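Colleague: Pasted the sequence and its predicted model underneath.
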Amino acid sequence: MKVCNIPNTMMIAGQPAIISYIPELRSFRGKFLGLSGYCDFVADSISGLQTEGEISLREYLQDCLQNGIEPYVREEKIKTFTLRYPESFGERLTLAAAEHQVSINAFIVEALNERMKLA
């Protein structure tokens with residue numbers, strides 16, 4: 001994964017994380033990329049992000065080790081399919097993806113993944 005091409009990212013302990021600002025908390029939130037589970041952290045400064053990120057990642061990796069869970073996403077072959085949808089849906093989809101600071105494709109994949117967890 002080439003982090004330098006992804007806006008609002010930083011490397012913490014060799015692991016890329018996407019950073020966003022949360023106005024209601026007046027803090028920054030980081031979320032690690034490339035992990036098999038969810039691992040995030042919050043701080044009010046860049047140096048705080050670095051420290052909190054290291055702590056969160058270390059705890060996540062320890063939990064994975066203790067529970068026999070693979071901590072990193074394995075490279076998978078990418079599949080494609082055609083999706084037909086109304087034009088108005090496309091506009092809403094573009095806005096929703098932008099609000100989450102991810103690509104439309106990533107937003108769709110995340111939404112489908114969440115839905116499949118409920119199936």
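Modeller: That came through, no problem. Numbers count the residues shown, from 1 in each chain.
Colleague: Quick check: the closest residue to residue 34 other than its chain neighbours vs residue 82, distance?
Modeller: Nearest non-adjacent residue to residue 34, counting by C-beta to C-beta, 6 or more residues apart in numbering: residue 73, 5.4 Å away. Placement of C-beta: from N, CA and C, glycine included. Residue 73 sits at a distance of 25 Å from residue 82 (criterion: C-beta to C-beta, to the nearest Å).
Colleague: ok so, going back, so what's the backbone phi/psi at the residue nearest to residue 34?
Modeller: Main-chain torsions, residue 73, degrees, to the nearest 10: phi -70, psi 130.
Colleague: List the contacts of it.
Modeller: 34-36 (C-beta atoms under 8 Å, 6 or more residues apart in numbering).
Colleague: Same question for the top helix by length along the chain: list its buried residues.
Modeller: Longest helix in the chain, counting residues (DSSP state H): helix 46-67. Of the residues in helix 46-67, 49-50, 52-53, 56-57, 60-61, 64 count as buried by neighbour count, 16 or more other C-beta atoms under 10 Å.
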